[in-house]
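J.: no FASTA, just this:
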């Protein structure tokens, strides 16, 4: 890649000359700091605990007694209340049985679920540096020297998930319910092995401050649940405290800050510091960690959360992740008397309301943009499209019945405790969700009862810099009678296959129009986390009423063609008759190749009938008929996979209509189908 291309890629998006200069200075300072760290990281690893007096003078036994008995600071309510173990068994008997069974599998077979890959067995002696997909063993080189994208089947994202140590939460929760000391012993044994295999600042598990922060937060939760165990001895306390000190030091020295853009990575960094600072006031560095973390948490909330409540990365998957970071941090701060101004609580509530609006009638989320299935404190393993559990905690926190969209979840119990469970139970669920516009993020929901359409007019994200956005401008996702029928295909993987990564974020994988085989925004397969900002979707009209919704939007992604053209899409929703009408208009001259696609959900039987396509669920008969109102030619069915969880892939089909020439408009009727017999149309 040439110098000019690298420069353009670095300063893409909304970047002023002043910002570019500041960023150049920052990078120079980071380079100097890295050289210094390279010469001193081994000394840092060998340094003793840096505690305040009188903790520094305590004997190991006295220090252990202190941490066993301390009543403050307070962790999340469910982790620190004795009633949680009882309520776990009373309220979630089936899940409790599954929890204990999963913990036993971890002890006996070193096997547990990992992302969308299902259960993986990690061998008698776990190698924490071995890629679970390819078997590649990442070297213990200085962290800045490790190349993360290899394009040979390994995926550092999967390695990082393993090393977030979220499965230790399973063991710790099982211990809190059963008081079976085997679970404590297994936790400590695995953590000791992890520490010996991952020396400070060496290897792939020390290459990303975000991963270090998320691991810290999981370990703080495990620490809270195990600290009263008889097997939690002096050596175990020293192991935890040394790791906490190393993790806090690493994060503080390797913050993923940039003047050009910050994202969920930097937010995770500062949240990790906030949690370490709040929960470990015994450390000398704790005050700095806490103050820095809180200050930047709130600054990033201002920056990363749009006025309509959406995360600014053009991704519902990362909206869930970022919302969890804010939500659990706010609860933790409230637990410890840390004041947060009302304007930030209002933003948090806005994030929850945005999530509530985009959930489909089946309670699952459209996977707009990237998702890596990341969770903060993975109390339960959740698929990428499961978001409702976050709303349960939000509903109890705010006493907002409009957020109560599901049954009681384990996450609510463990994050909010018994009082949270009671608050949730006292709320009356409100299942009536109306059509809603989110103009800042560009997401529009056209819905009535069991009919749902999500219209995507979002940009590349990160204020034009792009990272987790897809080429999905003016695409639609549709659900009818509780069954998703036209969907966004998701993400699948990142660096394990750059080809698949490129496909899943391409225009051709989304339910929109591709012109002349070009992408809406420029992408390069070899650079999986960069996307151009040529499309600039904009909404011209939004109208919503009791009988009819209408949106008109366009994008300019094809204006860079030799013969520029603008794609304008009009979607109308006839609420009384129960169908949608889509008109694709093309503003420009000359002939082009137009390809309109609709990406159908997995599990549907898809048949072509003349210029139309019928996609049905064979078991219920529910489905949709996509009718071309202008064309006589039959569409082609293409095999294009879908993914509802990172690393999971399901077979699915896309219908493609291709037209060559001068075209001013193509129209489509989306007709919900209720049953296979009798009157099939809504």
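T.: Happy to help now that I have it. Since the model is a prediction, treat every value here as computed from it, not as a measurement.

J.: Next, give phi and psi for residue 113.
T.: With angles defined as degrees, to the nearest 10, residue 113 sits at phi -70, psi 150.

J.: need the contact list for it.
T.: 102, 119-120, 381 (CB atoms under 8 Å, 6 or more residues apart in numbering). Every C-beta, even on glycine, is put in place using the N, C-alpha and C of the backbone.

J.: Now go through the residues you listed and say which are in helices.
T.: residue 102 (DSSP state H).

J.: With pLDDT, neighbour count and distance to residue 264 as new columns, can the contacts of residue 113 be given to me in CSV?
T.: Formatted as CSV, the contacts of residue 113 follow (pLDDT from 0 to 100; neighbours: other CB atoms under 10 Å; distance: CB to CB, whole Å):
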residue, pLDDT, neighbour count, distance to residue 264
102, 98, 20, 28
119, 96, 11, 27
120, 96, 16, 25
381, 95, 17, 20
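
J.: which among the contacts of residue 113 gets closest to residue 74?
T.: Closest approach to residue 74 among the contacts of residue 113 (CB to CB): residue 381, at 26.5 Å.

J.: Please report how far residue 590 lies from residue 166.
T.: According to CB to CB, to the nearest Å, residue 590 and residue 166 sit 54 Å apart.

J.: dump the residue contacts of residue 429.
T.: 401, 404-405.

J.: if we go to 10 Å?
T.: 395, 401-407 (CB atoms under 10 Å, 6 or more residues apart in numbering).

J.: what's the answer for residue 370, then?
T.: Contacts of residue 370 by CB under 10 Å, 6+ apart are 313-318, 384, 461, 467-470, 490-491, 494, 501, 504-505, 528-529, 531, 646.

J.: Show me those that map onto helices.
T.: Those of the contacts of residue 370 mapping onto helices are 316-318, 501, 504, per DSSP H.

J.: Quick check: residue 643 vs residue 634, distance?
T.: Taken as CB to CB, the span from residue 643 to residue 634 is 28 Å.

J.: same thing with residue 335?
T.: 61 Å.

J.: neighbour-wise, which of residue 643 and residue 634 wins?
T.: residue 643 (25 against 15; other CB atoms under 10 Å).

J.: That one contacts residue 501, doesn't it?
T.: No. Counting by CB atoms under 10 Å, residue 643 does not reach residue 501; the two are 11.1 Å apart.

J.: hey, what's in contact with both of those two?
T.: By CB under 10 Å, 6+ apart, the residues touching both residue 643 and residue 501 are 491-493.

J.: which of those residues lies closest to residue 200?
T.: For those, the nearest to residue 200 is residue 493 (29.4 Å; CB to CB).

J.: and the closest one, how far is that from residue 155?
T.: Taking CB to CB, one finds residue 493 at 6 Å from residue 155.

J.: before we move on, what about residue 109?
T.: 23 Å.

J.: The two: which has the busier surroundings?
T.: Ranked by neighbour count (other CB under 10 Å), residue 109 and residue 155 place residue 155 first, with 26 against 13.

J.: wait, the more buried one sits on residue 135?
T.: No. Between residue 155 and residue 135 there is no contact under CB under 10 Å: 11.8 Å.

J.: list the buried ones in stretch 590-607?
T.: 592, 594-602, 604, 606 (16 or more other CB atoms under 10 Å).

J.: From the opening residue of it to its closing one, how far?
T.: One end of stretch 590-607 sits 33 Å from the other (CA to CA, to the nearest Å).

J.: just stretch 630-639 next, same as before
T.: End to end - CA to CA - stretch 630-639 spans 25 Å.

J.: avg pLDDT for it?
T.: Averaging pLDDT along stretch 630-639 gives 96.

J.: which residues in the stretch 401-550 of the chain form strands?
T.: 436-438, 443-448, 451-456, 475-480, 483-486, 513-515, 538-544, 548-555 (DSSP state E, counting those that start in this stretch).

J.: For those, could you give me JSON lines that also reports mean neighbour count and mean pLDDT?
T.: JSON lines is the format used below for the strands of the stretch 401-550 of the chain (neighbours: other CB atoms under 10 Å; pLDDT from 0 to 100):
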{"stretch": "strand 436-438", "mean neighbour count": "20", "mean pLDDT": "98"}
{"stretch": "strand 443-448", "mean neighbour count": "23", "mean pLDDT": "98"}
{"stretch": "strand 451-456", "mean neighbour count": "24", "mean pLDDT": "98"}
{"stretch": "strand 475-480", "mean neighbour count": "26", "mean pLDDT": "98"}
{"stretch": "strand 483-486", "mean neighbour count": "26", "mean pLDDT": "98"}
{"stretch": "strand 513-515", "mean neighbour count": "23", "mean pLDDT": "98"}
{"stretch": "strand 538-544", "mean neighbour count": "14", "mean pLDDT": "98"}
{"stretch": "strand 548-555", "mean neighbour count": "20", "mean pLDDT": "98"}
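
J.: Could you export these as a markdown table, including distance to residue 61?
T.: Formatted as a markdown table, the strands of the stretch 401-550 of the chain follow (distance: least, CB to CB, whole Å):
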| stretch | distance to residue 61 |
| --- | --- |
| strand 436-438 | 56 |
| strand 443-448 | 57 |
| strand 451-456 | 59 |
| strand 475-480 | 59 |
| strand 483-486 | 58 |
| strand 513-515 | 69 |
| strand 538-544 | 66 |
| strand 548-555 | 67 |
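
J.: Which among these is found nearest to residue 69?
T.: Per CB to CB, nearest to residue 69 of the strands of the stretch 401-550 of the chain: strand 436-438, 48.5 Å.

J.: Name the strands paired with the closest one and say parallel or antiparallel.
T.: strand 443-448 (antiparallel) (DSSP bridges).

J.: quick revisit: hmm, which two among the contacts of residue 429 are most spread apart?
T.: Comparing the members of the contacts of residue 429, the greatest separation, given CB to CB, is between 402 and 407, at 16.3 Å.
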